[in-house]
Structures are given as C-alpha cells and as structure tokens.
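**Q** Next come a sequence and a model predicted from it.
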Amino acid sequence: MTKIETLSVPPTDDEVDTWWAVQVSAHAADTAALPGVPAPTRAETAGRLRVPSGRGRFAHWAQADGEGHASLLLFTEEGNTHTAFLDELTVRPDSRRRGVGSALWERTRAELIEQGRTSVSTVADTGGPAQAFLEAAGFVNVLPMAWYVQELGEDPAAEADPDVSGYELLTWAGLVPDAWAPAAAAAHAAMEDAPSGDGDERFTAWTPERVHAAQRLVLDRGGKMLMVAAVTSAGEIAAYTALVIPDPDGPRALQYDTVVVPAHRGRGLGRAVKLRMRAEAAVRHPALRRIGTTVADENAPMLAVNEALGYRRERGAAVFRLAL
C-alpha cells in the first residue's frame, strides 16, 4: 500500500530537495518534445512550499519513498470557501502506473470532502499524461488556453519607447507605491470580464491591501516583480501589466495580469505597457531570456496583442474542474 505523508510546516531542506527532484524528473519526461521549456528551480520550489498564500491554506503531501507529491490550496477568502485549487500532483516518470498518483489523489479528495468543498479546479497541459489522469478522475476541461512565449533578443530595449498620447507610462519594481495602490485595485476590477470558463471560483473585489498582499507573496517567495502602468493626469490607472521573475537568478519570467480598463480600450495601451515591460525587464534583469504567459483561446484581443509583440504558441493547456 502506498504510504502518503504530510510535509512538515515549514518543510525541511530534505523535503524540499525531494519535492524538487520529482518536479525536475517529471518535467524532463513530460516536455521532452519541447526542450526550451525551463524546469522550476529549487528556489522557486522552496518559496512555494514554505511561504503560505494569503488566499487560503495549503496542504502538502508526499509519497513516503519520494515517488510523488500533491499540493492543495483550500481557499479561505470570503465567497470561495466552497472550492479549492489543486496546485500540483506530480509523480516521477519511473513510478507511474503503480498507484502513486491515485493514492495522492485519494488523499487530496478526502481532504476536500472533509473540508466541505464542493468543487476543485486545476491548470494543466493538454494532450499528455496530466490531462489523461485528470479526466480519469472526473475533471472536465472548462477553459481551453495555451502557453505563449517570447524570446528576448540581443537588444529588446531598442524598440521600447511606445508613444501613447494622453498617458504616462510608469514602472514600479516590487510593491506598487502606496499612492497608486487604490488605482491599481480599481483597475484590477477590469479582470472580471476576462474569460474564466465554467469555473466555481468567484471574483472577489480587490482592495489596496489585497494588491500589496499578492505582490508581497511573490517577493516573500524569493521572486522579483515589475509592473508597468499607463496612467492619466487624473491619477487613474488606465492599463497595466505585471511581470514576475520567480527566481531572480533564472532565465525566465512569467507575464501575469495584463489589464486595460474598458473606458480606455482600443487605444493600443495593452501593447504599449507590454512593450515597455519587455524593455524594462531586459535592462533590470539582463540574465532574462524568456517570458511566458497563458491566454484563453477565446481571448481574441489579447491573442492579437501578443502576436504583434512576437509571442509564439508553445503548448496547449486548460483549466480543469471537478464537481465533488
């Protein structure tokens, strides 16, 4: 019988090392046809395991012999205590089809039931073992999307001075300045109309405190964060984009939210903030070589912006959901 153990709080160095080793081996096997996809670094893994989320409580489990692990985020924020997010369920390639994944899933499912959750969602690549496992467990694809990547050239700053009349482009490293946090929270509300599929997670209002908490989580986990905003003379953030470098010593970054407030759409602001971000990132993080992001298949405006900026489709992915 497969023995499943709960990780220490916080996880020990040995537990982090074992977890990371599983991730690296699984990544090598599952992305063999995509050699450019970078594996997570140990610093990223340690940060995610040791620094709790402000949105809920994490539960981490590992197979006793280091053959696999699972991580579940149980939301505690108001409006979402009925659901949860399966952050990871990974099994070493040489240990698959031996019941390890099923044992981890049964432990995860038992926790969901015990905590009274009526649904759980996750994000996974499509067309491979992850999708097959999830569908066998009853998960349904509720939001098709894909990973898109942009390789940074020798001098990306050469084309990085967008001219958007009537707006000023500001760049912030780390936390958004206190004076701009309320405007950032207001702008984030525009995310409510972004494609979300048939998910169970409810959109909750953002406050300046929540903006800072989300950004501080990235920093506390050892990462770096950049934000570029197009602002008006009245102090409104009309558009912004956020970039996260999970490991400052690593070559990749993740493009997080890109938002254009409805009243300011159709003026090229999305392209402008992303173009400026690329230039700022190249200057501030010269080791950076690749920016990755996910975009829903139905989000035609953002797909068009990314294509104009040189992003290419790398691999398919989706939000999967299970009703318990």
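**A** Sure thing, it's come through. Numbers count the residues shown, from 1 in each chain.
**Q** who touches Gly127 in this structure?
**A** By Cβ atoms under 8 Å, 6 or more residues apart in numbering, the residues touching Gly127 are 315-316. In this view, the C-beta of every residue, glycine as well, is placed from N, C-alpha and C.
**Q** Show me the strands in the stretch 201-324 of the chain, by range?
**A** 224-231, 237-245, 252-260, 290-296, 312-323 (DSSP state E, counting those that start in this stretch).
**Q** Helix or strand with the lowest mean pLDDT in the protein?
**A** helix 300-308 (a mean of 91; mean pLDDT, DSSP states H and E).
**Q** between that helix and strand 237-245, what angle do the directions make?
**A** Interaxial angle, helix 300-308 versus strand 237-245 (axes from the mean of the first three to the mean of the last three Cα atoms, to 10 degrees): 60 degrees.
**Q** from now on call the first residue 29
**A** Sure, I'll start numbering at 29, so the last one becomes helix 328-336.
**Q** Which residues does helix 328-336 contact?
**A** 176, 178, 286, 293, 298-299, 302, 321, 323.
**Q** okay, the angle between it and strand 280-288?
**A** Helix 328-336 and strand 280-288 are oriented at 130 degrees to each other (the same axes, to 10 degrees).
**Q** Dump helix 328-336 to CSV, keeping only the CA atoms.
**A** Extracted C-alpha coordinates of helix 328-336, given in CSV (Å, rounded to 0.1, in the frame of the first residue of the first chain):
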residue,chain,number,x,y,z
ALA,A,328,-9.0,37.3,-29.1
PRO,A,329,-7.9,40.8,-28.2
MET,A,330,-5.0,39.6,-26.0
LEU,A,331,-4.0,37.0,-28.5
ALA,A,332,-3.8,39.7,-31.2
VAL,A,333,-1.6,41.9,-28.9
ASN,A,334,0.7,39.1,-28.1
GLU,A,335,1.1,38.1,-31.7
ALA,A,336,2.0,41.6,-32.6
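**Q** in that helix, what's buried?
**A** For helix 328-336, the neighbour count (16 or more other Cβ atoms under 10 Å) marks 330-331, 333-334 as buried.
**Q** Mind picking the two most distant members of those?
**A** Using Cβ to Cβ, the buried residues of helix 328-336 span at most 7.4 Å, a distance reached by Leu331 and Val333.
**Q** about what we covered before: of the contacts of helix 328-336, closest to Ser193?
**A** Arg299 (14.3 Å).
**Q** How far does stretch 317-337 stretch from one end to the other?
**A** End-to-end distance of stretch 317-337: 15 Å, with Cα to Cα, to the nearest Å as the criterion.
**Q** now it, how far from the centre of its chain.
**A** Distance of stretch 317-337 from its chain centroid, counting by Cα atoms, centre = their mean, to the nearest Å, is 14 Å.
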